[in-house]
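# could you work out the structure for the sequence below:
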Amino acid sequence: MTLIHMNFRSWCLNTNTDVAVILPSIKQGESAQAYYRSQKKYPVLWLLHGTLGCYNDYLRRTNIELYATENDLIVVMPSALNSNYSNWSNVIPPFHMFDYLTEELMPLIYGWFPASDRREDNFICGLSMGARGASKYAFNHPEKFAACSCMSGVPSDIRTIMEEGAQNPFYAREKITVEQAGGLDSFLNSYENVWDKVETVAKMTNPPRFYFCCGTDDGVYPNWLHFKDYAEKIGLSAVFDEREGYGHEWRFWELELQETLKFFGFHQGKKQQKAKPQEKLDGTLV
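Reported below is the predicted structural model:
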């Protein structure tokens, strides 16, 4: 496994930013010349962190390095601060996180690394805020991703949340997002309104595949169930997985990251073969 930490000036974000990239590694016995000059392109997983997180969250709290190595998978983990994966134009200077992934980071990764830019080789996943980010990208740019996994986060039914007001636990956060978009009408007509794009993507001939998971003790769970009902009603083809007794926690996300990779079509590594019994000098087995 090769791990790269990049810190560079982003023109979309108007600041320096961090990205961690896991690259496939040469295997024991392979020719270095042949391996590094092969021109092979590898599949890419775009892995998005949650609120209060950063580019190294998955490296510190999951076995993503192991899973990437087992599958010759490039994993790209950007820092997004607490941006909600939105374009924040009303700050100085502007911080355009939504544009950053597709308009700057993807060209960088495809141009500088042996990463495949084919849709069938690109997958996106996130947890919590990152799950909402993953859904934003997959439903706004379905032509870029083969599949999307949202762990403990779903698109928001903004109309219902705004109608319920302060009694809805997500109202304060969504209110700011709506204001940033220029008001409810502007929000509904923007990339932020993922809820209304779900039906459009559901009617596509070849939409991305979707996986949504949540723990039953998670505060997000009621919203997750609400979205599940909506998705089923409009005919979105998706897998919904819930786990009894799990909350908004890394134990859950580590388990679901493995399920996500299975859903994307990657194996989970070869199980170790049971050791063969050894023979003692007297002929008995141990």
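
# all strands for the stretch 101-250 of the chain, in order.
Applying DSSP state E, counting those that start in this stretch to the stretch 101-250 of the chain gives strands spanning 122-127, 147-151, 209-215, 238-243.

# now for the helix or strand following the last one, which elements pack on it?
I take that to be strand 238-243. Downstream of strand 238-243, the next assigned helix or strand under DSSP states H and E is helix 250-264. If contacts are counted by 3 or more Cβ pairs under 8 Å, 6 or more residues apart in numbering; DSSP states H and E, helix 250-264 sits against helix 57-61, helix 64-70, strand 122-127, strand 147-151, strand 209-215, strand 238-243. For the C-beta atoms, the positions are set from N, CA and C on the backbone; glycine is no exception.

# of these, which is nearest Pro222?
strand 209-215 (9.7 Å; Cβ to Cβ).

# which outside residues touch that closest one?
With contacts defined as Cβ atoms under 8 Å, 6 or more residues apart in numbering, strand 209-215 is touched by 138, 146-152, 154, 220-221, 224, 227-228, 231, 236-249, 252, 256, 259-260, 263.

# just give the closest residue to the residue most central in space within the chain, not the sequence neighbours.
Most central in the chain under Cα atoms, centre = their mean is Cys125, positioned 1.7 Å from the mean C-alpha point. Distances taken as Cβ to Cβ, 6 or more residues apart in numbering place Ser149 nearest to Cys125, at 4.1 Å, with adjacent residues excluded.

# OK, contacts around the one you found?
Residues near Ser149 by Cβ under 8 Å, 6+ apart: 123-126, 134, 210-213, 256, 260, 263-264.

# apply 6 Å and report the result again.
125, 211, 260 (Cβ atoms under 6 Å, 6 or more residues apart in numbering).

# and if you look at Asn16?
The neighbours of Asn16, taking Cβ under 6 Å, 6+ apart as the test, are 7, 9.

# which of the three states applies to it?
strand (DSSP: H, G, I helix; E, B strand; the rest coil).

# for Asn7, see how far away it is.
If you measure Asn16 against Asn7 using Cβ to Cβ, to the nearest Å, the figure is 6 Å.

# try Glu244
Using Cβ to Cβ, Glu244 is found at 41 Å from Asn7.

# Tyr221: neighbour count?
By other Cβ atoms under 10 Å, the residues close to Tyr221 number 17.

# chain neighbours aside, what residue packs nearest to it?
Nearest residue to Tyr221, sequence neighbours excluded (Cβ to Cβ, 6+ apart): Cys214, at 5.3 Å.

# for Thr17, same thing?
Computed as Cβ to Cβ, 6+ apart, the closest residue to Thr17 that is not its neighbour in sequence is Ser10, at 4.7 Å.

# report pLDDT for that neighbour.
According to the prediction, Ser10 has pLDDT 98.

# what's next to the helix or strand bottoming out on mean pLDDT in the chain, contact-wise?
The weakest-scoring helix or strand in the chain, judged by mean pLDDT, DSSP states H and E, is helix 171-181 (a mean of 90). Helix 171-181 is touched from outside by 161, 165, 184, 187, 190, 192, with contacts defined as Cβ under 6 Å, 6+ apart.

# ok, of those, which come out buried?
With neighbours counted using 16 or more other Cβ atoms under 10 Å, the contacts of helix 171-181 contain these buried positions: 161, 187, 190, 192.

# His5 should be in a strand, yeah?
Yes - counting by three-state DSSP, His5 is located in a strand.

# list the beta-bridge partners for it.
In this entry, His5 is beta-bridged to Ala20, by DSSP bridges.

# on that earlier part again, compare the strands of the stretch 101-250 of the chain and report which one is nearest to Leu48.
Per Cβ to Cβ, nearest to Leu48 of these: strand 122-127, 3.3 Å.

# now the angle from the closest one to strand 147-151?
Strand 122-127 and strand 147-151 meet at an angle of 10 degrees, taking axes from the mean of the first three to the mean of the last three Cα atoms, to 10 degrees as the criterion.

# quickly run through the sheet partners of strand 122-127, with directions.
Strand 122-127 has the following strand partners under DSSP bridges: strand 44-48 (parallel), strand 147-151 (parallel).
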